[in-house]
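Chemist: Predicted model and sequence follow; I will ask about them next.
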Amino acid sequence: MDRKKFLTYLGTGTVALAAASTGLDGIADRVKAQQGTFHKPNKKIPKMGPLKFNPIEPTSMDDLVLPKGYSYKVVAAYGDKINAKGDTFGFNNDYTLFFPIEGEDERGLLWVNHEYVDDKFVFGKEIEGNYSKAQIEKMLYNQGGSIIEVVNGPDGWAMDTSSQYARRVTGLTPIALTGPAKGANTIGGASKVQGTFANCSGGATLWGTLLTCEENYESTSKAAKLDETHYGWVVEVDPFDEKFQVRKHTALGRFNHENTCMGLARDGRVVVYMGDDKKDACVYKFISKGKYDPKAGKKNAKLLETGTLYVADFSKGAWVPLTIEEVQKAAGDDQESLAKFQSQADVVVNCHDAALLVGGTPTDRPEDVEISPFDGTVFIAHTNNDNHGNMHGHITRFFEKNDDHGSLEFQFSIFAAGGIQSGFSAPDNLTFDEDGNLWTVTDISSSKLNSTIWEPFGNNGMFVIPTHGKNEGVAFQFASAPVEAELTGPSFTPDEKTLFLSVQHPGEETEDLSKPTSKWPHRAGDSMPRPGVVAITGF
C-alpha cells in the first residue's frame, strides 16, 4: 500500500483507530474474513485498460478545463430554444441521461434536470418579499426537466430543434401520484399535483423510462405557495412518449432525494437505492412486491407502486423496514410519534423522521448512489458534514450479502476519502466506465472555493477513481469547472465516445450583474454566465 492510499484510509476515523491497534495487515485480513459471502466474482469483466488521459492539475480558470486531446461543445444553455413550439432550456441544469434513438448511430434524446433558479440571473434582480404571479410561473417553468434531441454532425454535437420529442416537464406540469400517499389525508387528499421542481439527480429504469428526483424543494414550494407535501418525491418520465403519464411514486418515500439507482434482486424483484442529501440523513432502498418482466415493457412501472422501503442501519449492517408496523413498534409509548404515524402514507410522507425512529443511521449527506456493473457492489457519495468535522466527504462501498440486492444484510467499507491526500473534496454524482473506473464530480460550495482548507483543490472538478487493480481508490483529475460552477450529471453515450456533462451555476457569487464573476460559456451575445450542458469528445 503506497503512502497516498495509506493517508486516504487514515482520513477515516474508525480505520485510523484500527490501524493504530492492529496494523494494516490485520485490518486487511479481518475485512476479507468478514466479507465472506458478501462479495462475489465480477458480473461483468472490466476492460481494465490504462487511463485514457493524462490527469490535469487543479485550476481556478473560468473555463471547463480538460486533458490534452479532449474538447467540449456547449449543446444547450439556459434560455436556448429547444423545439419549434418555442420552449426554452431551463436554469441550473443537473442530471443528464442519454437515450439512443433506435436505428441511429449518432442521434438520441437527452434528458436534463433543472434544479433551481437564481433570482438575479432569471429575473435580473434579487426578489425581496413575495413573488408576483408571473415571477412564480417563470420560477416554476425554469425548473423540472428538458427533453432535447441531440445529433452528432460534422461540427460535433448539437440540438435538433425540429425534434418531435423535444419538450419540457416543469413546475407547472400536471403529475399523477401513485402508491400509499395517493389520496391520503396527510397530503390533503391529492391524487394529482402541480409540477416537479428542485430536480437534482435521477436514474434509469429497466424498462426505458427515467426517474428524476426532487431534492431541496422547500424554498420553491414556499415561494410558490404550494403544498410542501406534494414535493420531495421520485418522478417517472418517458422521454419518447408524451402520452405516458408523468407520475410521482410515493412508495419510494419523500425526502431530499439526490438520485435513484435501479437493480434486480436474485428473485427478480426490482430494487431502487436512494440517498437523502442533507446533513445527518439516511440511505434507503425500495424492494418491489412484484417481479420484473422484460416482456411487459413500461407496464413494469407498476412495480414502483407497491413494495417495502428500507433504511440502512450501518451499526448492524442491516436494512430496516419502514412499514407502519415497524414505525409504531419503535415509537413505543411516545404519543407524539404515534399520532404522527397512523398509516403507511404518514410513513412515506415523513420518511426522514420515520427512518431515524426505527434506527436508520444518520450520515454525511448521502448523495449519489450507484451499482457497479462489474461486481454489483453499491457506491455511495457522502459529500460532507461539518457537524461531524467531515469537511471533505468520502465514498462508501456496500457489499450486499450473497451478492443479492434483495438481501437485508450488508457490509461496508470506505472506498475513498476526500482531502488533500486524495486531491478531491465533496464527492457528488457518480458513474462508471467500461474499464471499471468510478467517475465522480465534486460539490464544494461556491462561497468556499479557493479559500481556507479548500484552497488546494481550485475550482470544482471531475475525477476518475479505479475500482480494481493497483490504483484502486486513487483519484485522477479529468476536468476543472469554470469559476464558482459545479459539474453535475455525467452521462456517457453507449459507445463511451462522448460524455455529456452539466455545468451548473457558473458565477453564482456575482453581486453586480454588470461585473459577473464568470462569463462562461463565453458565447457571443451572452451578457451573463449561463448554466449549460456540454458534450465532451476525444475518448
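Modeler: In hand now; what should we look at? Numbering: from 1, shown residues only.

Chemist: quick one: the helices in the stretch 351-500 of the chain?
Modeler: Under the criterion DSSP state H, counting those that start in this stretch, the stretch 351-500 of the chain contains helices at 351-357.

Chemist: can you check the chain too?
Modeler: 3-10, 13-22, 24-35, 119-122, 133-141, 218-223, 324-331, 335-340, 344-349, 351-357 (DSSP state H).

Chemist: What average pLDDT does the second one get?
Modeler: For helix 13-22, mean pLDDT is 35.

Chemist: Where in the protein is the helix or strand with the lowest mean pLDDT?
Modeler: None of the helices or strands of the chain scores lower by mean pLDDT, DSSP states H and E than helix 13-22, at a mean of 35.

Chemist: Around the residue lying closest to Leu357 once chain neighbours are set aside, count how many other residues there are.
Modeler: The shortest distance from Leu357 to any non-neighbouring residue, by CB to CB, 6 or more residues apart in numbering, is to Ala330 (4.8 Å). To be clear about C-beta, it is placed using only N, CA and C from the backbone, and glycine gets the same treatment. Look at Ala330: counted by other CB atoms under 10 Å, it has 16 neighbours.

Chemist: go on, Ala479?
Modeler: For Ala479, using other CB under 10 Å, the count is 27.

Chemist: so it sits right up against Gly458, yeah?
Modeler: No. At 11.3 Å, Ala479 does not count as touching Gly458 under the criterion of CB atoms under 8 Å.

Chemist: Residue ranges in the chain under the pLDDT threshold?
Modeler: 1-44, 48 (pLDDT under 70).

Chemist: Mind doing that once more with 80?
Modeler: Under the criterion pLDDT under 80, the flagged ranges of the chain are 1-50.

Chemist: Give the buried residues for stretch 319-339.
Modeler: Trp319, Val320, Leu322, Thr323, Ile324, Glu326, Val327, Gln328, Ala330, Ala331, Ser337 (16 or more other CB atoms under 10 Å).

Chemist: which residues touch Leu51?
Modeler: Shown in contact with Leu51 (CB atoms under 8 Å, 6 or more residues apart in numbering): Asn437, Val464, Phe476.

Chemist: now those residues in TSV, with neighbour count and distance to Glu400?
Modeler: TSV is the format used below for these (neighbours: other CB atoms under 10 Å; distance: CB to CB, whole Å):
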residue	neighbour count	distance to Glu400
Asn437	24	22
Val464	21	25
Phe476	18	28
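
Chemist: Sort out which one of those residues lies nearest Thr220 for me.
Modeler: Val464 (34.0 Å; CB to CB).

Chemist: circling back: any chance of the buried residues of stretch 319-339 in TSV, plus distance to Phe89?
Modeler: Compiled in TSV, these are given as follows (distance: CB to CB, whole Å):
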residue	distance to Phe89
Trp319	39
Val320	41
Leu322	37
Thr323	42
Ile324	42
Glu326	44
Val327	42
Gln328	47
Ala330	45
Ala331	46
Ser337	45
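
Chemist: Quick check: the farthest pair among those residues?
Modeler: Trp319 and Ser337 (21.3 Å).

Chemist: From the structure, what's the count of residues near Asp313?
Modeler: 18.

Chemist: Touching, it and Gly360? I think so.
Modeler: Yes. Using CB under 8 Å, Asp313 is in contact with Gly360, at 6.2 Å.

Chemist: where do the contact lists of those two overlap?
Modeler: Val320.

Chemist: returning to that earlier point: out of the buried residues of stretch 319-339, who's nearest Trp233?
Modeler: The nearest one, if we look at those relative to Trp233 and count by CB to CB, is Leu322, at 15.0 Å.

Chemist: Verify the contact between that closest one and Phe255 for me.
Modeler: No. Here Leu322 does not reach Phe255: they are 10.9 Å apart, not a contact under CB under 8 Å.

Chemist: tell me, what's touching these two both at once?
Modeler: Tyr284, Cys351.

Chemist: hmm, back to that, now render the contacts of Leu51 as JSON lines, adding distance to Asp386.
Modeler: Below are the contacts of Leu51 laid out as JSON lines (distance: CB to CB, whole Å):
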{"residue": "Asn437", "distance to Asp386": "29"}
{"residue": "Val464", "distance to Asp386": "27"}
{"residue": "Phe476", "distance to Asp386": "27"}
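
Chemist: Next step: those residues restricted to strands.
Modeler: Of the positions in the contacts of Leu51, Asn437, Val464, Phe476 sit in strands, assigned by DSSP state E.

Chemist: so how many other residues sit close to the residue nearest to the last one when sequence neighbours are not counted?
Modeler: Yep, that's Phe476 we're talking about. Spatially, and ignoring its direct neighbours in sequence, Phe476 is nearest to Pro55 (4.2 Å; CB to CB, 6+ apart). Neighbourhood size, Pro55 [other CB under 10 Å]: 13.
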